[in-house]
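Give me coordinates for this.
(chains A and B)
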Amino acid sequence: MSARAPVTVYVPGDAGAVSLGADAVASELARECRRRELPVRIVRNGSRGLYWLEPLIEVVTAAGRVAYGPVRDSDVMDLLDAGLLDGGPHALLLGDIGNHDWLRSQQRLTAARLGIVDPADIDDYIAHGGYEGLSAALTMPPQDIVRAVTDSGLRGRGGAAFPTGIKWQTVHDQPVAQKYIACNADEGDSGTFSDRMIMEGDPFALIEGMTIAGLAVGATRGYIYLRVEYPHAARALAQALRAAREHGYLGRNLRDSGRDFDITVRLGAGAYICGEETSMLESLEGRRGEVRVRPPLPAIKGLFGQPTVVNNVITLATVPLILARGAAFYRDFGTGKSRGTIPLQLAGNVKRGGLVERAFGLTVNQLVYDYGGGTATGRPVRAVQIGGPLGAYLPESQFDTPLEYEALAARDGLLGHGGVVVFDDSINMARMARYALEFCAIESCGKCTPCRVGSTRGTELIDRMLTRSNGEHAGDLALLDELCDTMANGSLCGLGGLTPFPVRSALKHFREDFGRR
Amino acid sequence: MTRERIAVERCVAAAVASSRDEPGPLLEILHAVQNELGCVPHEAVPLIADALNLSRAEVHGVVSFYHHFRERPAGRHTVKLCRAEACQAMNGDALADFAKQRLQIEFGQTRADGMVTLEAVYCLGNCACAPSAMIDGEIRGRLDRETLAACANDWGVPT
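Sure, this is the predicted structure:
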């Protein structure tokens, strides 16, 4: 038989898949195929986001991509014996994963290419619609780019949900030569990983989004502030940035447009507070990540004192699509003031965790039960925490809440970066409230008193409540409420200001957990 | 001058040189020094301060602000166990207790024999595969006692 063309096998290089053994699967597959003289091309793609099936590998056959999962390195021999490279039947066969209910029911816009493309291959990115947004932007005056983003209704996906176009307009309007695009990739909220997935699985989308932002506001330099906990993302970004430069999509006179833009990755150093935008700017400047007093806004006086667009990864990675398909296309998804789609991240004690991108409006019930299938432990769900460590805990009676900004605000919660962490009935909510305060004490930058001192006093207060019997701590409850009030109203930034959300929600919905057990 | 001292000076000089043209390079320099030496040693602080025209206090303030930077090298092996909510939801507290008990150290400590350092981290972004840890730089998901115990055994940590 003449030399057969190599069969392409996708084995995710995504950190989540790697954490479950994907690297071992890739090397075992390569070794075993070499031994059997079967030519293969192994592509390390991103994850499709069905983490309970990871490592999920896909084989390209004449009939399309055929998935298997979850695959361990010890399954590789058996899979090859079963005709893996022809999409042969096997207990781990999943078929066309794109047709899986879990994926088919989603509306993947920002994450459209996730798990499909080779994150190291710029041509693959372009073949899947990449750089269409930049091509469109290069034909538009900067003001029109800003208007498209404003009209799309896109709001900051990092947590603050500020209208992106308005921020861009402010930077655009500053009559200053040096401006910056600063991408906040300090995804520190527990329960969130969509930024990581995009950076690892579709890094060119972020690079393209930042480039468009640079064109729109007149910035020539971008920074990605990446948390040090994400080494896989760092490698994927470095590789993609190099490719983008080599292909003329970054650097001087990009795409012969006469415009310049380049991006530098800067690593954080394990400080949650640096996800707060002004603290991130301090850190980018090489200082302690202490929060700045606003005003001035970063859009007027940001990085190195210059006007700066500070946006989250998902926000920027959504921009290319808006430019390519038009503002109306994106705005038509969603509900009320929450336009477009949101990549929700389902995590914690859940049977089927992962990435669910849908138009705003999905309820907690739909997410936790229809997608998540309930808890991983099989016990009843007791609570979810939405929006990271500063987000509220919701009891099951409120699982009808739609996952959108205003609906959650009305229930004293926040959507934040879209992370939803599921807890079963073994959880003690007083301990979770205590943890929220303890975490705030560990991560406080120390600049303002309500956060620095309040978090420690709050931790002590809950400790005291947990050792007293019920009925003795009425005074403690009032004091804790007052402390929450001081933190919420007196803190400089969201860390101290929002820590009362989880604490108060635990007190409100799970009062029975406070007091001695 | 001791050999260690010369190594620190060389390392700082190289880190400063490679970041010189960058604005606000202090964190970059600290990362480079720690990658090379395993920590940011006390002696490096005045050297870095000098090179960047900062006070020692400013440099020390930055080193001590960030959890990632350490002033003494870690043990031969490191376990960074995630202690955030999603991992707690998957019985992370019990796993943390087990880690402390098996390695016979508290979080933030290195065993006296220098074998292992145990650290708490707050989210590795692997929350759908909780509980998670970074063990010797490798990310691990759905971590259980058996895996942790196997690591400790491999490293020869006495029971």
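
show me the residues around residue 67 that make contact.
If you meant another chain, say so; for now it's chain A. Counting by Cβ atoms under 8 Å, 6 or more residues apart in numbering or on different chains, A:Ala67 makes contact with A:Leu53, A:Leu56, A:Ile57, A:Glu58, A:Leu93, A:Leu94, A:Gly95, A:Asp96, A:Ile97. Backbone N, C-alpha and C define where each C-beta goes, glycine included.

my bad, chain B
Taking Cβ under 8 Å, 6+ apart as the test, what B:His67 contacts is A:Ala269, A:Gly270, A:Ala271, B:Val121.

Low-confidence bits of the stretch 401-517 of chain A, can you list those?
Scanning the stretch 401-517 of chain A for pLDDT under 70 picks out A:469-472, A:516-517.

Apart from its chain neighbours, what residue comes closest to the most centrally placed residue in chain A?
In chain A, the centroid-proximal residue (Cα atoms, centre = their mean) is A:Ser194; its distance is 2.7 Å. Sequence neighbours aside, A:Pro343 is the residue nearest to A:Ser194 in space, at 4.2 Å (criterion: Cβ to Cβ, 6 or more residues apart in numbering or on different chains).

what's near enough to touch residue 157?
Going with chain A. A:Arg157 touches A:Asn312, A:Val313, A:Ile314, A:Thr315, A:Thr318, A:Ile342, A:Pro343, A:His417, A:Gly418, counting by Cβ under 8 Å, 6+ apart.

Chain B, not that one
By Cβ under 8 Å, 6+ apart, the neighbours of B:Val157 are B:Arg102, B:Leu103, B:Gln104, B:Arg111, B:Met115, B:Val116.

repeat for B:Gly125
A:Ala15, A:Gly16, A:Glu187, A:Thr192, A:Phe193, A:Asp195, A:Arg196, A:Glu229, A:Tyr230.

Could you single out the nearest of those residues to A:Ala407?
Taking Cβ to Cβ as the measure, A:Ala407 lies nearest A:Thr192 of the contacts of B:Gly125, at 19.2 Å.

wait, the closest one sits on A:Val420?
No - using Cβ atoms under 8 Å, A:Thr192 is not in contact with A:Val420, being 9.3 Å away.

Kindly point out which residues are neighbours of both of these two.
The contact lists of A:Thr192 and A:Val420 share A:Gln345, A:Ala347, where a contact means Cβ under 8 Å, 6+ apart.

what residue ranges in the chain score low on pLDDT?
I went with chain A, as the question did not name one. Looking at chain A by pLDDT under 70, you get A:1-3, A:469-472, A:516-517.

wrong one, I was asking about chain B
Looking at chain B by pLDDT under 70, you get B:1.

By residue count, what's the longest helix in it?
helix B:3-19 (DSSP state H).

for chain A, same thing?
The longest helix of chain A (DSSP H) is helix A:449-467.

which helices and strands does that one pack with?
For helix A:449-467, the packing partners by 3 or more Cβ pairs under 8 Å, 6 or more residues apart in numbering or on different chains; DSSP states H and E come out as helix A:429-443, helix A:474-490, helix A:494-498.

Could you dump those helices into JSON lines with mean neighbour count and distance to chain B added?
What follows is the helices and strands packed on helix A:449-467, written out as JSON lines (neighbours: other Cβ atoms under 10 Å in any protein chain shown; distance: least, Cβ to the nearest Cβ, whole Å):
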{"stretch": "helix A:429-443", "mean neighbour count": "22", "distance to chain B": "7"}
{"stretch": "helix A:474-490", "mean neighbour count": "16", "distance to chain B": "19"}
{"stretch": "helix A:494-498", "mean neighbour count": "23", "distance to chain B": "12"}
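
what about A:His509, distance to B:Leu118?
34 Å (Cβ to Cβ, to the nearest Å).

Same drill for the two, tell me which one is more crowded.
The residue with more neighbours, out of A:His509 and B:Leu118, is B:Leu118; 25 against 20, by other Cβ atoms under 10 Å in any protein chain shown.

The more buried one falls within a strand, correct?
Yes - judged by DSSP: H, G, I helix; E, B strand; the rest coil, B:Leu118 forms part of a strand.

show me what contacts it?
Contacts of B:Leu118 by Cβ under 8 Å, 6+ apart are B:Thr78, B:Val79, B:Leu81, B:Ala99, B:Lys100, B:Leu103, B:Ile105, B:Glu106, B:Phe107, B:Gly108, B:Gln109, B:Thr110.

still on that earlier bit, restrict the contacts of B:Gly125 to those near chain B?
A:Ala15, A:Gly16, A:Glu187, A:Thr192, A:Phe193, A:Asp195, A:Arg196, A:Glu229, A:Tyr230 (Cβ under 8 Å from any Cβ of the partner chain).
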